[in-house]
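> Quick check, what structure comes out for this input:
(chains A and B)
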Amino acid sequence: MDFLSDKAVARLREAEAPPDFSATRYILREFLARGGMGAVYLAQDQLLDRRVAIKILDAADPDGALAERLTKEARVLAQLEHPGIVPVHDAGTLPDGRVFYVMKFVEGARLDQFLAGVPFLPERLRFFLRVCEAVSFAHSRGILHRDLKPGNVMIGAFGEVLVMDWGLAKFLSTSSTENSEAATVRVASLPNAIESGEHQTAGTQDGTVMGTPGFMSPEQASAKSSDVDERSDIFSLGKLLEFTATLAANRNPIRTPRALQAICDKAAAPDAALRYGKVAALAEDVSRFLDNVPVSAYRENFLERAVRFYHRYQAAILLIAMYLLMRTLFVIYSRH
Amino acid sequence: MSPNESIVQGGGNFPPTRWSVIAAARSDDPAERTRALDVLFAAYWKPVYKYIRLKFSKPPEEAQDLTQGFFAELLERDLLSRFEPKKSRLRTYIRLCADSFVLNQIKHAGRQKRGGDAVHLALDFSAAEGELHAQAIDPASIPSEENFEEFFEKEWIRSLFAAAVRKFREFCASGAKTSAFNLFEAYDLAEDDPPSYAQLAQMHALSVADVTNQLAWARREFRRLAKEELRALCSTDEEFAGESRTLFGGKA
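Got it, this is the predicted structure:
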């Protein structure tokens, strides 16, 4: 094979001998994935005799900005003790200067892969609600995720939902210096992001554009970091909800009920002021939709209300109808 | 692999050899000069040919003559001796020399055609032409007017990696490591999306851990050989460090 395809050349440029963890208690087992700034390996913790995942910086980092960001990601995760957020166990620096952190190894599938096998909308929406719980918890701790998308949600082997990759997380209470943090453009096209779960890291510029097109809020896309708040994550959740609702088992889009579409539209409104103010409000609306009660995002007409009423009280309505029918038949029969 | 065995091995980042084509091309020893030029031509003729074909929209026959003529001129006018590492990288210098040569040829189209009676290199142009056609299937791979520099860089990397792959294949064959090379070929050299490690393990009757280990070894050795190739094409440590970053990013 003398000619190397573009894909082969790209792979060879990425090909790397694994980092040397011999000075630590971890033994690398398998390369798992590569993101915008780090590679993730499956490893064995020799002390506790368990499998862990290790994320290590493997991108060019001349000014140490990425090392700082990876360390920050580990600190963010350490502060977010929640069943919906992957726990971090350890962090450190290798002799070659590369920083790493150790987290729980999650066996499972990314949300987009997982949903392809979940045919029923209510079940899919319940997974979405679990994502909302984790994000809402992070917001209550003053932390924004800023890169919510199907590739960053894992469904574990026992149905646990975990929000991953907090590399772009931002502390809400931070000062303006935080807002003008190291300017790195991290943009991934949606198909790539979903298929490979990887980001692309492009050049550097003044404004900081962080997120994934298709799931990134307009204020993130315009690099106005001062405008980014909880509602930016709510925008991404709106897009995630739409993705969750429309991705059918065969990966072909399906028609979304109007009330649910209205919830998606409100959450992902271009104007942040028109979105839900809190993740809890979005989750509440989705729960109401699941319970067949009116949602705040959609004013239904009489017919829709009647249909929803029927769906909600279907058993009772059918019982009453049956009773009335029997009663009528009985009366008719008695007269004869 | 036992639980206590690591797939990690130490390894130097710099190739042991410091032999450089530029230094050798300026040597008084004719054999050393010939060797240097062989290495240089092997690394650059395909990028130069493809560059001339696409940038100057030359038909294959004319591009072949121009490529032969360019390398002949490189020898005759001893252009390598004028290369100043402090001012540019070697590949930039060669690209600019090629630009200048082709433009000169176009300007003086009536003059004696180069490459005919001058030095003639045995180059497999049909292979290079085939590669161009294979690439043309993907419109995104055809460079626009503004990014021919990028195109040349990409082709130079492709050529350098191809040489390193050839050396790696020989290295594996001589050391009874054909299994590792086969895995490397199936995964890292796959034309399109590679199979998963699990599929590879099944195909080669190995455990996933063995596939991981062998691929890790293969990549490490490939990188070492690619860096040796690269080092030979660079005239200074600084140029090597810069080109190494171009090839492998910050992991060099």
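> Listing request: residues of the chain with sub-threshold pLDDT.
Went with chain A since none was named. Counting by pLDDT under 70, chain A contains low-confidence residues at A:1, A:15-18, A:35-36, A:59-63, A:96, A:173-212, A:223-226, A:248-254.
> wait, I meant chain B there
Applying pLDDT under 70 to the predicted model, the residue ranges of chain B that meet it are B:1-19, B:110-122, B:135-146, B:249-252.
> so what's the residue nearest the centre of it up against?
Taking Cα atoms, centre = their mean as the criterion, B:Leu160 is the residue nearest the geometric centre of chain B, at 1.7 Å. For B:Leu160, the contacting residues are B:Ala43, B:Ala226, B:Glu229, B:Leu230, B:Leu233, B:Leu247, by Cβ atoms under 8 Å, 6 or more residues apart in numbering or on different chains. C-beta: built from backbone N, CA, C; applies to glycine.
> possible to save the residues you listed as a markdown table with neighbour count?
Listed next are the contacts of B:Leu160 as a markdown table, based on neighbours: other Cβ atoms under 10 Å in any protein chain shown:
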| residue | neighbour count |
| --- | --- |
| B:Ala43 | 23 |
| B:Ala226 | 25 |
| B:Glu229 | 22 |
| B:Leu230 | 24 |
| B:Leu233 | 24 |
| B:Leu247 | 23 |
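> Go back to those residues and keep what's next to chain A.
Subset of the contacts of B:Leu160 in contact with chain A: B:Ala226, B:Leu247, counting by Cβ under 8 Å from any Cβ of the partner chain.
> Would you map the strands across chain A?
Ranges of strands in chain A, per DSSP state E, are A:26-34, A:38-45, A:50-57, A:88-93, A:99-104, A:108-110, A:143-144, A:153-156, A:161-163, A:170-171, A:186-187, A:200-201, A:210-211.
> repeat for the stretch 101-250 of chain B
Assigned strands in the stretch 101-250 of chain B: none (criterion: DSSP state E, counting those that start in this stretch).
> Kindly report the residues of it close to chain A.
Applying Cβ under 8 Å from any Cβ, one finds that the stretch 101-250 of chain B approaches chain A through B:127, B:130-131, B:134-135, B:138, B:141, B:154, B:157-158, B:161-162, B:165-166, B:185, B:187-194, B:197, B:208-209, B:212, B:216, B:219-220, B:222-223, B:226, B:245, B:247-250.
> what's around A:Gly64, how many residues?
The criterion is other Cβ atoms under 10 Å in any protein chain shown. On that basis, A:Gly64 has 13 neighbouring residues.
> how near is it to chain B?
Using Cβ to the nearest Cβ, to the nearest Å, A:Gly64 is found at 11 Å from chain B.
> that older thread, what's the closest of the contacts of B:Leu160 to chain A?
Of all those, the one with the least separation from chain A (Cβ to the nearest Cβ) is B:Leu247, at 6.2 Å.
> need the helices for the stretch 101-250 of chain A, in chain order.
Assigned by DSSP state H, counting those that start in this stretch, the stretch 101-250 of chain A shows helices spanning A:111-115, A:121-140, A:176-179, A:190-196, A:218-221, A:230-246.
> right, so of those helices, which gets closest to A:Ala315?
With Cβ to Cβ as the measure, helix A:121-140 is the member of the helices of the stretch 101-250 of chain A nearest A:Ala315 (16.7 Å).
> how many degrees apart are the closest one and helix A:230-246 in direction?
For helix A:121-140 and helix A:230-246, the angle between their directions (axes from the mean of the first three to the mean of the last three Cα atoms, to 10 degrees) works out to 170 degrees.
> got the buried residues for helix A:121-140?
The neighbour-count criterion (16 or more other Cβ atoms under 10 Å in any protein chain shown) identifies A:121, A:124-139 as the buried residues of helix A:121-140.
> gap between that helix and the chain center?
The chain centroid and the centroid of helix A:121-140 are separated by 9 Å under Cα atoms, centre = their mean, to the nearest Å.
> got a list of contacts for it?
A:80, A:82-85, A:111, A:114-115, A:118, A:144-145, A:148, A:153, A:155, A:161-163, A:169, A:172, A:230, A:233, A:237, A:240-241, A:244-245, A:247, A:260, A:278-280, A:282-283, A:286-287, A:289-290.
> likewise stretch B:45-54?
Outside of stretch B:45-54, the residues that reach it under the criterion Cβ under 8 Å, 6+ apart are B:58, B:60, B:63-64, B:66-67, B:70-71, B:91, B:94-95, B:98, B:102, B:121, B:123, B:125, B:128-129, B:131-132, B:142-143, B:148, B:151-152, B:155-156, B:158-159.
> Using neighbour counts, trim those to the buried set.
B:58, B:63-64, B:66-67, B:70-71, B:91, B:94-95, B:98, B:102, B:123, B:125, B:128-129, B:131-132, B:143, B:148, B:151-152, B:155-156, B:158-159.
> out of the residues you listed, which are inside helices?
B:63-64, B:66-67, B:70-71, B:91, B:94-95, B:98, B:102, B:125, B:128-129, B:131-132, B:148, B:151-152, B:155-156, B:158-159 (DSSP state H).
> thinking again about what came up before, state the distance from the residue nearest to the centre of chain B to A:Leu42.
When Cβ to Cβ, to the nearest Å is the yardstick, B:Leu160 and A:Leu42 sit 32 Å from each other.
> do the same with A:His139
Here the distance between A:His139 and A:Leu42 works out to 31 Å (Cβ to Cβ).
> now do A:Ala321
In this structure, A:Ala321 lies at 58 Å from A:Leu42, with Cβ to Cβ as the measure.
> quick one, which of those two is more surrounded?
Each of A:Ala321 and A:Leu42 has its neighbours counted (other Cβ under 10 Å); A:Leu42 has more, 16 against 10.
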